[in-house]
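**Q** Give me the fold of what follows.
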Amino acid sequence: MKCVGAEDGEKPCQRCKRTNVEYVANDVSSLDACYILQTFRCIFEKHRRGRKPGSKLSEASKMLRRLEKGLNTAKLKQANESSMSSVFPAVDSRSPQGETQFGTLIRPMDPYSTSASGNRPSDGEDEEDRGDEKFPAKLIRKENSFFRTILNPEPKSPYPNIAPLATRSDLDSLQLVRPAGLPAGFQDPITAGLISEDKAKMLFDAIFLRLNPFINLFDPQLHSVNYVRSKCPFLFTTLIATGCKFFEPSLYKECLHLANELAIRAFAEGWKGVEVVQAFACLTYWREQDDNRTWMYIGYACRMAVELGLNRFLAKPPANEGEFQLLERRNRERTYLVLFVHDRSLSMQTGRHWMLPEDDFIRHADTWHEQGGLPIRCEDVIVAAFIQLRRIAAETTDMLHTNRSQIDGGNGQINVDMALKNANAKLSQWSTRWEHEMRRANGESFHFSFLNLFCLYSSLFLNSFGVQADARPESRTNSHLRALSACFENALGVLKIASKDFRDLGVLRYGQESTTVMTAYSAIFLLKLLRSSDTNPDLQSELPEGAAREIHATIIRTAEAYNEAAHFSPTSSFAAYHARFLWHLIHMHRTRPSVTKERLHHENTHDSSIRTIPPNSALSYR
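**A** Predicted structure coming up:
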């Protein structure tokens, strides 16, 4: 249970005060909890987040290290036995010996083929979408029509009704709950005999250590195997399939098939519940590249969340709320906040309208991370921070794009300058505040890089409105130069976090789809600047000296990082695809007619990393 009121270890917690029981201060473990034993003594356990030098790893961390070591050994053995050469350059293996909890998972990469989807147009490419390339999905689509980002639904045949799901109201009896009943003809991974309960617990531990930091949707204090399985077999099966994608690849396809069958049934029969909302969201985070249901699933999850009242704002928690009720309430609120962020992210990427409006809950979410007791969770800090970041981006985008023609007849130069000035000031304040909040939560280097990644990307997108490709030299102002400089630095920053920070931590392969969209957009934007500078001497003079070399080298390093991530896991086909996409961008830029021979010679002479592009990398796109 959450230990509230006894954080210093010198006084009893609130629960002990209410029941007038004895307590004993005790500094024994790494968990943030107090356990009410049969002797009714309050045992306080000091907070320790992350691994400190010389300390012992938790059992979950030890288990995951053993798992990764086994997978590393299998990968090396397979590499020695294989006589097939990869189309990618060789990548050195990384050993999982860092001090951070984010380790390394080394797996072989399946050969990648684009034959199934290479010639298919991106979903949602209608007449309205083709006209405006300001938004990332549309800019990426123009560069490569089969680089699929935000996807629309395809019709699915529904099945007939699920038995009522089991419910829980008492945290103390959590281990005694029974699995929820499954509809006739359906199975979860345990009833299907694919995994054991012990394996399920191992996969849940791995999910919380590796995947949840990217989505911040679940709370390990609440979402145990028994709890999730008792509440919703759909969510349980989806999480097991997600864990298998990265940690038990041989079981992934079978578990994903079970999850998709339950998704069809849930949609057909109208299952409702916070866990159903979470399951539909989780089906989109690490989707297969031929899965085109992101737009439909997130939209459906948003509608269900509103219908369930997950956006209900409580200025003060109920007076009689217990520890378990607090966890479940926070779970409902967290789910809605994460959905709000995802909904606004899709809107910013595609230029389409968002579904979830700002309401009282969203407007008061800036302190939400502080309302769950102490210690503050890093994941909750990220959720609250991203709500504010999306509000800044939505406000500025709405002013620059939607209302611009109504405000000043479409010219918008003064309006853009003012809007960007305000937006950049707010982003600077955002960065300062949330870095401080993350330090309060004892965040690790990953959490700070994660916050910085999204801030840089938002700044890049917003400032791109101030860098108009068709702007005449005489119309360029100081604000235009500031916007150009901000875009250049922010785009490079996004790519450097992916290629350096996430690569060094060994977590790049665990990132959800939005991280690849960010790096794709950043790379395309930078190369677009170079293309414009080739034909516009004024713009070329505005870029810093050596910009071309730095842009090419950074994109190459990012491609290598994604290639490495794909090489470590046979189910990370999207990472392999993204690596090829980035190499393809460089190849097409260096071979386009507008690049002068002198400039190409200058780049090849001064930047050895440019010569590491696989000579046949672009062929995989044909």
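**Q** And the helix or strand harbouring residue 331, what's buried?
**A** Assigned by DSSP states H and E, residue 331 belongs to helix 323-350. Judged by neighbour count using 16 or more other C-beta atoms under 10 Å, the buried positions of helix 323-350 are 323-324, 326-350. Backbone N, C-alpha and C define where each C-beta goes, glycine included.
**Q** where along the stretch 401-550 of the chain do the helices fall?
**A** Here the stretch 401-550 of the chain has its helices, by DSSP state H, counting those that start in this stretch, at 404-408, 413-440, 445-463, 478-496, 502-505, 513-535, 537-542, 547-568.
**Q** May I see the buried residues of the second one?
**A** Counting neighbours by 16+ other C-beta under 10 Å, one finds that the buried residues in helix 413-440 are 413, 415-417, 419-420, 423-424, 426-427, 430-431, 434-435, 437-438.
**Q** who touches stretch 381-398?
**A** For stretch 381-398, contacts defined as C-beta atoms under 8 Å, 6 or more residues apart in numbering pick out 216, 334, 337-338, 340-341, 344-345, 347-348, 354, 358, 362, 365-369, 419-420, 422-423, 426-427, 430, 434, 437-438, 440-441, 443, 447, 450-451, 454-455, 458, 461-462.
**Q** Could you list the buried residues of stretch 485-495?
**A** By neighbour count on 16+ other C-beta under 10 Å, the buried set for stretch 485-495 is 486-488, 490-495.
**Q** Residue 555: which of those is nearest?
**A** residue 495 (6.5 Å; C-beta to C-beta).
**Q** So the closest one is in contact with residue 555, correct?
**A** Yes. Residue 495 lies in contact with residue 555 (C-beta atoms under 8 Å); the separation is 6.5 Å.
**Q** Which neighbours do those two have in common?
**A** Taking C-beta under 8 Å, 6+ apart as the criterion, residue 495 and residue 555 both touch 523, 526.
**Q** Now tabulate the helices of the stretch 401-550 of the chain in CSV and tack on mean pLDDT and distance to residue 187.
**A** Listed next are these as CSV, based on pLDDT from 0 to 100; distance: least, C-beta to C-beta, whole Å:
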stretch, mean pLDDT, distance to residue 187
helix 404-408, 48, 53
helix 413-440, 90, 41
helix 445-463, 96, 36
helix 478-496, 90, 42
helix 502-505, 94, 36
helix 513-535, 88, 28
helix 537-542, 66, 60
helix 547-568, 92, 30
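**Q** could I get those as JSON lines with distance to residue 258?
**A** JSON lines is the format used below for the helices of the stretch 401-550 of the chain (distance: least, C-beta to C-beta, whole Å):
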{"stretch": "helix 404-408", "distance to residue 258": "48"}
{"stretch": "helix 413-440", "distance to residue 258": "37"}
{"stretch": "helix 445-463", "distance to residue 258": "31"}
{"stretch": "helix 478-496", "distance to residue 258": "36"}
{"stretch": "helix 502-505", "distance to residue 258": "31"}
{"stretch": "helix 513-535", "distance to residue 258": "22"}
{"stretch": "helix 537-542", "distance to residue 258": "54"}
{"stretch": "helix 547-568", "distance to residue 258": "25"}
